[in-house]
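Novice: Next come a sequence and a model predicted from it.
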There are 2 protein chains.
Amino acid sequence: MNGAECLLRTLLASGIEVCFMNPGTSEMQFVAALDRLPDMRGVLCLFEGVCSGAADGYARMAGRPAATLLHLGPGLGNALANFHNARKARSPIVSIVGEHTTEHLRYDAPLTANIAAFARAVSDNVCLVGAAAKMGALAAAAIEAATRPPGQTATLIIPADHSWSDAGDPGPSVNANARRMPAPDRIADIITLLARSPTTTGLLLSGSAMLRRGVEAAGRIAAKTGARIFADRNAARTASGRGRFHPERIGYFPEKAEAQLAGLRDLVLIEAKAPVSFFGYPGRRSTLAPEHCAMHVLATVEEDGAGALESLADMLPQMADPAAPHEPEETAALRGDESLGADLIGRCLAQRLPEDAIVCDEAVSSAEPIWPWLLRAAPHDYLPICGGAIGIGMPLGVGAAIAAPGRKVVVLEADGSGMYTAQALWTMAREQLDVVVIVFANRRYRILDIEMRRTGAHGFGPRANDMIDISRPDIGWTKLANSMGVAAARVTTAGEFAVQFSSAMREPGPLLIEAML
Amino acid sequence: MNGAECLLRTLLASGIEVCFMNPGTSEMQFVAALDRLPDMRGVLCLFEGVCSGAADGYARMAGRPAATLLHLGPGLGNALANFHNARKARSPIVSIVGEHTTEHLRYDAPLTANIAAFARAVSDNVCLVGAAAKMGALAAAAIEAATRPPGQTATLIIPADHSWSDAGDPGPSVNANARRMPAPDRIADIITLLARSPTTTGLLLSGSAMLRRGVEAAGRIAAKTGARIFADRNAARTASGRGRFHPERIGYFPEKAEAQLAGLRDLVLIEAKAPVSFFGYPGRRSTLAPEHCAMHVLATVEEDGAGALESLADMLPQMADPAAPHEPEETAALRGDESLGADLIGRCLAQRLPEDAIVCDEAVSSAEPIWPWLLRAAPHDYLPICGGAIGIGMPLGVGAAIAAPGRKVVVLEADGSGMYTAQALWTMAREQLDVVVIVFANRRYRILDIEMRRTGAHGFGPRANDMIDISRPDIGWTKLANSMGVAAARVTTAGEFAVQFSSAMREPGPLLIEAML
């Protein structure tokens, strides 16, 4: 079999059965092989940033990699921003990038670029396949690298001649690497710490510790000790919603985050790093915990944080008075005459999000008012933008919907960010994905209003304002969605939003709701 | 003054007065400074690939750099594909990329990335500004590097604290470097060569030699010697249209290109490299000239190819019988019942393109039938996609229109490529640019039909076809354009196209015409 077929068969042998792609000449053999390998699902995207964002969403929900297939250096270039996000999410992805033929590479043809340089910016595992005969083994090694905890994008750069040449047998099936439990003495140390000073000790969860098992165990630890449990706001996937324990999510701006962490003398990290602010600002330090707060590692990013938390919860004695069970307040019914804003949309989510939904959050400046309402919504999975590179919301929704058919996907999308990768709408329509996109249309890079002040740039005149104002011309999101085959509605009142949202939760997607804020 | 203002003043001092931008937190000081520096025109783009493509178009038409202002690694990532094209076009660009504060960089914050690694993939001149006090000097050095022939993207990575700190005076004004004339003996050698064997010697032009002066001189050389004159199909800008001399453009596929170059024993390169095919294919070599054809350099890519051609033309004796002046055939009048295709659109251009128009060509599979018609159109400048990275057509139009107000810009855009950076439409509407976009809507990555066969992937079943077919769902280009404030018309017949195109040539843009092929 040729190299392309060998590679796809190696992927299939390890359970990788979805490939988000935008192929070109150098990748034609992979495309041709799809007809011989019906188990591999090719998902066409009109822009490579949709491929990489979708692969991230897929990995977060499926817990295993998808592949991406991209065309040479520039194709990979277009995917880099969302590969950056995937790197921060620690999502396993096998990124396949076609290259010129070995013979052709020595000439500086128009599309010749340093693909490895593009790839290394987001991928610590970059391999140029040097011979067709090595294809199976190198593909298996890439799968191993991608899935080895904590997960990463592994890149295979494949000269076209190695795709069309004979490659022999596929590589071996790769068993998913389980996360290792931390050493028992590390758990014992944390027990000692919590016993000594429960009220000045915090736990900070990220990574796989934010899934259901970890969050539940963290809740038991809080109940037994009174310790405060925090959540990394950039964790790839969080088990959220009512009936679940809710770690305190560390705020975006450092003032809030520092206030949350004030008084801590010890912070225990579970698949998390010591918290830092998103940006540096004049006259502020970057770290968020109190200056003399000691950091302790219960589980590294590679280890089994959920398992560690479960052990800890099991082994801890009851040290604090059990808190009264938290009774969530009733969410007030919506009234049609309320103003349409992020808070109201949050309440709608709290009341009407179906059980087991997946919420992809790229609402940016609208996200903070919504987030507390999600805690009262039906149990769901919450996927934020992990690396701060905007343009992932809708692609994430594509990948999540393909990974989890039968579950409603809701994308909370800022209008500025949404315009980065709006091509994702086309793939939603093409694959008939059950995705509802809510566009928070404030016609502005609103977050920059705040950042402009924070960075000390006080002179905010009309010409500066013009670089933040995206109202001229007005972006017509319903037309934009329709142009790519997605039904859409524009709503300007709370009542209209509630009607559209309720209907969207009952009917299969895709649908876009443009909420005029 | 702070670092941001110092940088912008340094740019202005060297005549750089346009900045295509999509800024974020780290770049707020640059944005704020716009109100203090009214000579700097900020052009907001909704996606960074539009910024880099527009800067390329601007540089090709203005002959001097624009700046781009992008947000951190991912923002630069989104711009890389069109920076790749700009690199191959050898366009001078000053790329400004904001970075976290010096203090913040040591923490692995979500948006932290290796910006220099992103930049080096497309820029040979990458500078991290290490102190505010160095801003002026380093900015001037970047301008010098960008404008030094043959031209390149020079990247300045600027930590946010150096933007808001005191930076002292702006850097010196940088004088544009003129291209050097090649040494006289090189010109003498080529005269000897042409005198010895004019009919087996070809000249291959690229770079600045393809502008009016160079092309005109090449025409005189052809008339004096009978030597064949060829054009690099990827030259950044070509003086084209009727009344001008037309070098023979080397074909895209190697079979055609080899046939064109057959019989040559010597090829003289003027700002050009030895011709190679776009892709490598099974069983074919990459080089296009006959195997024993000797290469001679009249002017390197850094030198003054046009000046060298003029000297050569002046110094050559008349060696061949002067050819009869070439009388262009009359372009047949259009009939309303003809079928709408690339050939017909080419004839429309031949008849109705206004004088001094700028044609940006990303028509891909539709480009070949159009190109010969452009030779009969009114004199114009022709800008192709130089690096093969699709998604540059409309951004190129944005930049060209801003560089050359008063000239009609026509973008020939393939539908697959257009979907990469359709956000450019929004900037066309915002800046009220006189651009007409013609979308060649064949609902297919049509070029891949050919490439699929050429790469030996014969098994082209329905699942492979599905990765090349973009008709499902149908893309509604008129809705898409309207959603971003651009008027649009869909045409399905030759008559409709002729009416819309004629009207578009008379009325100011922007306008999009979706031609259903």
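Specialist: Yep, it's here. Numbering: from 1, shown residues only, chains lettered A, B, ... in the order given.
Novice: Can stretch A:28-45 be said to contact chain B?
Specialist: Yes - against chain B, stretch A:28-45 shows contacts by CB under 8 Å from any CB of the partner chain at A:28-29, A:31-36, A:38, A:42, A:44. Any C-beta I mention is one placed from the backbone N, CA and C, and that applies to glycine too.
Novice: for that stretch, how far is the first residue from the last?
Specialist: Across stretch A:28-45, the terminal residues are separated by 16 Å (CA to CA, to the nearest Å).
Novice: now do stretch A:447-460
Specialist: So stretch A:447-460: terminal residues 14 Å apart, CA to CA.
Novice: May I ask which helix or strand of chain A has the lowest mean pLDDT?
Specialist: Least confident helix or strand, chain A: helix A:447-454 with a mean of 85, by mean pLDDT, DSSP states H and E.
Novice: Counting neighbours, which of the residues of stretch A:28-45 next to chain B end up buried?
Specialist: Buried members of those, counted by 16 or more other CB atoms under 10 Å in any protein chain shown: A:28-29, A:31-34, A:36, A:42, A:44.
Novice: Helices - which of those residues land there?
Specialist: Per DSSP state H, helices hold the following members of those: A:28-29, A:31-33.
Novice: Return the closest of those residues with respect to chain B.
Specialist: A:A32 (3.7 Å; CB to the nearest CB).
Novice: what comes into contact with the strand or helix carrying A:A116?
Specialist: In the assignment (DSSP states H and E), A:A116 maps to helix A:115-120. If you take CB atoms under 8 Å, 6 or more residues apart in numbering or on different chains as the criterion, helix A:115-120 is touched by A:72-73, A:76-77, A:80, A:95, A:97, A:99, A:126, A:128, A:155, A:157, B:80, B:114, B:117-118, B:120-121.
Novice: same thing but at 7 Å, please
Specialist: A:72-73, A:76-77, A:80, A:97, A:99, A:126, A:128, A:155, A:157, B:80, B:117, B:120-121 (CB atoms under 7 Å, 6 or more residues apart in numbering or on different chains).
Novice: Stretch A:350-366 too?
Specialist: A:57, A:61, A:331, A:342, A:367, A:370, A:373-374, A:376-385, A:390, A:392-393, A:396-397, A:400, A:404, A:407-414, A:417, A:440, A:446-447, A:501-502, A:505.
Novice: Find the nearest non-adjacent residue to the residue in the stretch 301-450 of chain A positioned nearest to chain B, please.
Specialist: In the stretch 301-450 of chain A, the residue that lies nearest chain B is A:A389 (3.3 Å; CB to the nearest CB). Closest residue in space to A:A389, ignoring its immediate chain neighbours: B:P74 at 3.3 Å, by CB to CB, 6 or more residues apart in numbering or on different chains.
Novice: and the one you found, how many neighbours?
Specialist: For B:P74, the count of nearby residues is 31 (other CB atoms under 10 Å in any protein chain shown).
Novice: quick one: the one helix or strand it maps to to helix A:72-89, angle?
Specialist: B:P74 is part of helix B:72-89, with elements assigned from DSSP H and E. Angle of helix B:72-89 versus helix A:72-89, following axes from the mean of the first three to the mean of the last three CA atoms, to 10 degrees, is 180 degrees.
Novice: distance between stretch A:253-272 and the chain's centre?
Specialist: Stretch A:253-272 has its C-alpha centroid displaced from the chain centroid by 22 Å (CA atoms, centre = their mean, to the nearest Å).
Novice: Contacts for it, please.
Specialist: Stretch A:253-272 is contacted by residues A:190, A:193, A:197, A:200-209, A:232, A:248, A:250-251, A:275, A:277, A:284, A:288-290, A:293-299, A:301, A:305, A:308-309 when judged by CB under 7 Å, 6+ apart.
Novice: Show me which residues of that stretch are buried.
Specialist: A:253-254, A:257-258, A:260-261, A:264-272.
Novice: from those, which ones fall inside strands?
Specialist: Counting by DSSP state E, those place A:266-270 in strands.
Novice: Torsion angles phi and psi at A:Q423?
Specialist: With angles defined as degrees, to the nearest 10, A:Q423 sits at phi -60, psi -20.
Novice: and it, how many neighbours does it have?
Specialist: Neighbour number of A:Q423 under other CB under 10 Å is 23.
Novice: residue contacts, the closest residue to A:D169 other than its chain neighbours?
Specialist: Spatially, and ignoring its direct neighbours in sequence, A:D169 is nearest to A:G136 (5.9 Å; CB to CB, 6+ apart). Contact analysis of A:G136 by CB under 7 Å, 6+ apart lists A:6, A:10, A:167-171.
Novice: Let's have those in JSON lines, adding secondary structure, pLDDT and neighbour count.
Specialist: Listed next are these as JSON lines, based on DSSP: H, G, I helix; E, B strand; the rest coil; pLDDT from 0 to 100; neighbours: other CB atoms under 10 Å in any protein chain shown:
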{"residue": "A:C6", "secondary structure": "helix", "pLDDT": "98", "neighbour count": "27"}
{"residue": "A:T10", "secondary structure": "helix", "pLDDT": "98", "neighbour count": "27"}
{"residue": "A:A167", "secondary structure": "coil", "pLDDT": "97", "neighbour count": "26"}
{"residue": "A:G168", "secondary structure": "coil", "pLDDT": "94", "neighbour count": "14"}
{"residue": "A:D169", "secondary structure": "coil", "pLDDT": "97", "neighbour count": "13"}
{"residue": "A:P170", "secondary structure": "coil", "pLDDT": "97", "neighbour count": "22"}
{"residue": "A:G171", "secondary structure": "coil", "pLDDT": "97", "neighbour count": "25"}
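Novice: Tell me which two in those are the farthest apart.
Specialist: Spanning the widest gap among the contacts of A:G136 are A:T10 and A:G168, at 11.2 Å by CB to CB.
Novice: What is the host helix or strand of A:G49 packed up against?
Specialist: For A:G49, the element it lies in under DSSP H and E is helix A:48-62. Counting contacts by 3 or more CB pairs under 7 Å, 6 or more residues apart in numbering or on different chains; DSSP states H and E, helix A:48-62 is packed against strand A:18-22, strand A:66-71, helix A:72-89, strand A:93-99, strand A:380-384, helix A:393-403.
Novice: Ranking by neighbours, what's the top pick from the contacts of helix A:115-120?
Specialist: Of the contacts of helix A:115-120, with other CB under 10 Å as the count, A:L76 tops at 34 neighbours.
Novice: Relative to chain B, how far out is that one?
Specialist: A:L76 is 9 Å from chain B, where distance means CB to the nearest CB, to the nearest Å.
Novice: tell me the contacts of that residue?
Specialist: A:70, A:97, A:115, A:118-119.
Novice: Phi, psi for A:A515 please.
Specialist: With angles defined as degrees, to the nearest 10, A:A515 sits at phi -90, psi 110.
Novice: Equivalent analysis for A:E514, please.
Specialist: phi -90, psi 110.
Novice: got the contact list for it?
Specialist: By CB under 7 Å, 6+ apart, the residues touching A:E514 are A:439, A:441, A:477-478, A:488, A:490.
Novice: out of those residues, which are inside helices?
Specialist: Checking the contacts of A:E514 against DSSP H, those in helices are A:477-478.
Novice: Which pair in the contacts of A:E514 has the greatest spatial separation?
Specialist: Between any two of those (CB to CB), the greatest distance is 11.6 Å, for A:A441 and A:A488.
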